[in-house]
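Trainee: what follows is a predicted structure for the sequence shown.
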Amino acid sequence: MDKHVTDIVAYLSWPGLLVAFLLGDRQGSRFHLNQSLVIWIASTLVGIVAKWTPLFGWLVGLVGGLFCALCWFIGIVNALQGVEKEVPLLGQFRLL
């Protein structure tokens with residue numbers, strides 16, 4: 001896969017991220033692979049915290065879920081446009 005396709009596929013789902021990482025242009029798409037990984041990890045953590053937080057778990061899930069969805073949307077729009085801009089708050093983390 002070329003860089004543009006790899007950038008987009010990375011945001012589609014966990015399996016999409018794995019496919020993009022294993023079969024795509026890893027060096028050229030490192031930025032979007034990292035952004036996508038951080039967003040997916042954050043949304044998973046929000047789901048776990050929301051499930052195990054008594055009383056206000058629904059609020060944590062709602063606010064955290066909306067924030068992760070917004071970051072995902074910003075990330076995929078940036079990938080579609082071919083721009084490497086960090087998503088809010090989560091974009092500063094480097095895992096790859």
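Mentor: Alright, I've got the coordinates.

Trainee: so where do the helices sit in the chain?
Mentor: Along the chain, the stretches classed as helices by DSSP state H are 3-10, 14-23, 30-52, 57-81.

Trainee: nearest to residue 89, out of those helices?
Mentor: helix 57-81 (7.8 Å; CB to CB). To be clear about C-beta, it is placed using only N, CA and C from the backbone, and glycine gets the same treatment.

Trainee: by contact count, what packs against that closest one?
Mentor: Where contact means 3 or more CB pairs under 8 Å, 6 or more residues apart in numbering; DSSP states H and E, helix 57-81 is packed against helix 3-10, helix 30-52.

Trainee: to residue 18, which of those lies closest?
Mentor: helix 3-10 (9.3 Å).

Trainee: rounded mean pLDDT for the closest one, please.
Mentor: Across helix 3-10, the average pLDDT comes to 91.

Trainee: which parts of it are buried?
Mentor: Within helix 3-10, the residues scored as buried using 16 or more other CB atoms under 10 Å are 3-4, 6-10.

Trainee: and for stretch 47-59?
Mentor: Residues residue 50 are the ones in stretch 47-59 that count as buried (16+ other CB under 10 Å).

Trainee: ends of stretch 83-96, what's the gap?
Mentor: 18 Å (CA to CA, to the nearest Å).

Trainee: ok, and what's touching that stretch?
Mentor: For stretch 83-96, the external contacting residues (CB atoms under 8 Å, 6 or more residues apart in numbering) are 30-35, 37-39, 41-42, 67, 70-71, 74-75, 78.

Trainee: filter those residues down to the buried ones, ChimeraX style.
Mentor: In ChimeraX syntax, the buried subset of these is picked out as below (16+ other CB under 10 Å):
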select :30,31,32,33,34,35,37,38,39,42,67,71,74,75,78
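
Trainee: can you give me the offset of stretch 9-22 from its chain's centre?
Mentor: Distance of stretch 9-22 from the chain centroid (CA atoms, centre = their mean, to the nearest Å) equals 10 Å.
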